[in-house]
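Enquirer: give me a model of this one.
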Amino acid sequence: MSARLTSQMLAQALIRRTQAEGGFAAVLHRGDSISGAILLSCPDSDHRPRLFERVPDLSRGYDILPVAQPHWGDEEAITQYIERRRRSDPDLWVIELDVPNGERLAAAILTGD
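Expert: Next up is the predicted model:
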């Protein structure tokens, strides 16, 4: 059995990797340092907001899945979605990655691929 990385360690790794790639990363909301869920805001090439979430998969690993897709590109609707999620899950981490292919970079860190 391998040790799991904490949410805080994963967030720090995402930020460092994004900065190393020449991008910008910020924690918009800090959740539970050990096991908080991670929600990612990764703008597309036109800087329209998109959201992804780290979720457990069936193989006892993790995957990065798109969430709130009907709201992609609508900054106000995305902000409202994040606020609703934060109210229902105060342990939630919200991290913004502004780097080309942010979701791919996040998948490499958060899923171990």
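Enquirer: from Leu58, how far off is Ala77?
Expert: Counting by Cβ to Cβ, to the nearest Å, the gap from Ala77 to Leu58 is 30 Å. Heads up, the C-betas are built off the backbone N, CA and C, glycines and all.
Enquirer: now the residue nearest the centre of the chain, nearest residue through space, not along the chain?
Expert: With distances taken as Cα atoms, centre = their mean, Leu40 lies nearest the centre of the chain, 2.3 Å away. Excluding its sequence neighbours, the residue lying closest to Leu40 (Cβ to Cβ, 6 or more residues apart in numbering) is Phe52, at 4.5 Å.
Enquirer: how about the CA coordinates for whichever strand or helix holds that neighbour, as CSV?
Expert: Phe52 is part of strand 51-56 when elements are defined by DSSP states H and E. Only the C-alpha atoms of strand 51-56 are listed here, as CSV (Å, rounded to 0.1, in the frame of the first residue of the first chain):
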residue,chain,number,x,y,z
LEU,A,51,-13.6,23.8,-14.3
PHE,A,52,-12.2,20.4,-13.5
GLU,A,53,-12.3,18.3,-10.4
ARG,A,54,-10.1,15.5,-9.0
VAL,A,55,-12.3,12.5,-8.4
PRO,A,56,-11.6,8.9,-7.3
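Enquirer: flag every buried residue along it.
Expert: Going by neighbour count (16 or more other Cβ atoms under 10 Å), the buried part of strand 51-56 is Leu51, Phe52, Glu53, Arg54.
Enquirer: any chance of those in TSV, with pLDDT too?
Expert: What follows is the buried residues of strand 51-56, written out as TSV (pLDDT from 0 to 100):
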residue	pLDDT
Leu51	96
Phe52	96
Glu53	96
Arg54	94
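Enquirer: ok, so of those, who is nearest Gln8?
Expert: Arg54 (13.4 Å; Cβ to Cβ).
Enquirer: quick one: the closest one and Asp74, what's the gap?
Expert: Plainly put, Arg54 is 23 Å away from Asp74 if you go by Cβ to Cβ.
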